[in-house]
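In: Dropping a prediction and its sequence here:
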Amino acid sequence: MTEICAVLEHADATLQEQSGELLSELVDIAQRQPTPASVCAVLLLSQGTELPDVSLLPELGVNRLYILEHPLLDRYSTVSYAGALAWFMQQRALMMIATSATLNGRDWISRLAAQLQLPFAPNCLSLDLHDDGLFALRSIYEGRAYIQTRTALHGRTALATLVPGVRGAPAKIQQKLSSMVPLEITRFIPEISQGHGQERIRHIAIQAPSPEEIELDAAERIVAGGRGVGREGFTSIASFARLLDAAVGATRVATDLGWIEHARQIGATGKIVRPKLYIACGISGAVQHTGGMSEAQTVIAINPDRGAPIFALADLGLLGDANQVLPLVEKMLEQSE
């Protein structure tokens, strides 16, 4: 039986939130194959590291986990990850290796594709394998259009990254506990060769990015602005976000007008986010935008328009101008410290 592998990310003994949707996408692909195929998960760990909670795997129908253990995997590095996975691919017959299109995922998988000269489809919205080809749905022109691509495999292993947040929370497979297949865990110690000059690279520290640099799909708190705050309003939003250790987001209108870069866009044609706290400033609540943040745990809306649709989604609504409200709240928070 051939295998389709998902390389999962983890932190503090917990799988990253996007792991479930990645596994669900690959399980769907495996079920569509004309010949039997199984989905397996891969984790890269330093030897002696605590295994993250992997109870999600059998609940989604994934019953095989490969653990690659090596001292060089104690923290992320492009060379170590690509090297370990290149070695792993020599041990197994794989149809595809996929990971989430996170910062690390986009980094190591492109290196691996170049190193092994394998077909690679980045930043996919959906994936499929058939007729010796990798089919991918991708967005272009800053999300204004979609294309379906086919990458010829010629019998080789396909590589791909899946954009987080596209599928949403996965549905667990309903199985009786008595019929659920236990998770099979296999451990490997990969051979990792250090590239030239790697011995001169040392880990110094991890520095938190500014609010303008935090990845939206990884942020627990987001302060977003729309047309209602104006160009100057994003200065207040960035200042307030910095106070909350939050990321800065925006509507499509704000990015189209050049008030903030397109990478900050949240919505159906932008990023799909699920933060614990979402503060919408001067955002009316158009469907295009709310489609990207409707699963936020707590939504606070600030808008002078009493009839703005965003208030229907909000847990707390403030009727007023965000450019006046945010400086007042910021002052109150600073005084309370």
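Out: Arrived safely, thanks for sending.
In: quick check: domain ranges of the chain?
Out: Domains of the chain are assigned by automatic domain parsing as 2-200, 216-336.
In: now, of those domains, which is deepest in the fold?
Out: domain 216-336 (a mean of 19; mean count of other C-beta atoms under 10 Å). The C-beta positions use only the backbone N, C-alpha and C, and glycine is treated the same way.
In: Compute the first-to-last residue distance for that domain.
Out: End-to-end distance for domain 216-336, by C-alpha to C-alpha, to the nearest Å: 28 Å.
In: One more: stretch 289-305?
Out: 17 Å.
In: cool, and stretch 140-159?
Out: 20 Å.
In: Quick check: the gap between residue 97 and residue 273.
Out: Going from residue 97 to residue 273 by C-beta to C-beta, to the nearest Å gives 26 Å.
In: With residue 203 instead?
Out: Counting by C-beta to C-beta, the gap from residue 203 to residue 273 is 29 Å.
In: Equivalent analysis for residue 28, please.
Out: In terms of C-beta to C-beta, residue 28 sits 23 Å off from residue 273.
In: where does the stretch 101-250 of the chain have low pLDDT?
Out: Counting by pLDDT under 70, the ranges of the stretch 101-250 of the chain that qualify are 142-143, 168-181, 194-200, 208-213.
In: again, only using 50
Out: Along the stretch 101-250 of the chain, segments meeting pLDDT under 50 span 176-178.
In: Okay, strands next: where are they in it?
Out: 120-124, 126-130, 133-140, 145-152, 158-162, 184-188, 221-225, 247-250 (DSSP state E, counting those that start in this stretch).
In: so where does residue 29 fall, helix or strand?
Out: Counting by DSSP states H and E, the element that carries residue 29 is helix 19-31.
In: likewise residue 254?
Out: Following DSSP H and E, one finds residue 254 within helix 252-256.
In: Surely residue 161 is in contact with residue 127?
Out: No: with contacts counted by C-beta atoms under 8 Å, residue 161 stays clear of residue 127, the gap being 9.5 Å.
In: hey, what's in contact with both of the two?
Out: 98, 121 (C-beta atoms under 8 Å, 6 or more residues apart in numbering).
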